[in-house]
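Visitor: Sequence and predicted structure, then a few things I'm wondering about:
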Amino acid sequence: METATQPEDEARVAGVRARLADLVEADPSPAELALMARLLNSFAAKAPASADELARLLRQGDAGLVREQAHSLKGSAANIGATDLATLCARIEDQARAGIVADPETTTAHLELEVGGAVRAVLILAGEYA
């Protein structure tokens, strides 16, 4: 099993673990374990492409599309307990709702950092649920 090697990863793993504990009982059935593994692996597979699309839209500068994409990624992140990513997306969404498109380069760099951390955390836990 992979282990978290950075303090940020340990905090991210703890956040995802806490969210998953809200979703399943203390002694999950094999079906619940399989469902959690699928949920985590799906997030890990889809989140980077979603973040790439958000970065593209930030560079394009369309606040409406940025808001929609940030909202979508925020929901996915919140569903699995990736709170730092969800918080960043909420901030991007709020700014876009106000007609402001954040600096694409700075925001994209922060987005890549958060998505990478969330995916690492999710993959660490996916192994536990597999």
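Guide: Sure, I can see it. Numbering: from 1, shown residues only.
Visitor: contacts, neighbours, all on C-alpha from now
Guide: Fine.
Visitor: what sits up against stretch 89-101?
Guide: Contacts made with stretch 89-101 from outside it, assessed by Cα atoms under 8 Å, 6 or more residues apart in numbering, are listed as 58, 61-64, 66-68, 70-71, 73-74, 102.
Visitor: which one of the residues you listed is nearest residue 41?
Guide: Nearest to residue 41 out of the contacts of stretch 89-101 is residue 73 (Cα to Cα; 15.2 Å).
Visitor: Secondary structure element for that closest one, which one?
Guide: Taking DSSP states H and E as the definition, one finds residue 73 inside helix 63-80.
Visitor: just to revisit the earlier point, now for the contacts of stretch 89-101: which two are most distant?
Guide: 61 and 74 (18.9 Å).
Visitor: Of those two, give the one with the bigger neighbour count.
Guide: residue 74 (23 against 18; other Cα atoms under 10 Å).
Visitor: Just give me the residue right at the centre of this structure.
Guide: Computing the C-alpha centroid of the chain and ranking residues by Cα atoms, centre = their mean puts residue 77 first, at 3.4 Å.
Visitor: So residue 126 is in contact with residue 40, correct?
Guide: Yes - contact criterion Cα atoms under 8 Å: residue 126 and residue 40 qualify, at 5.7 Å.
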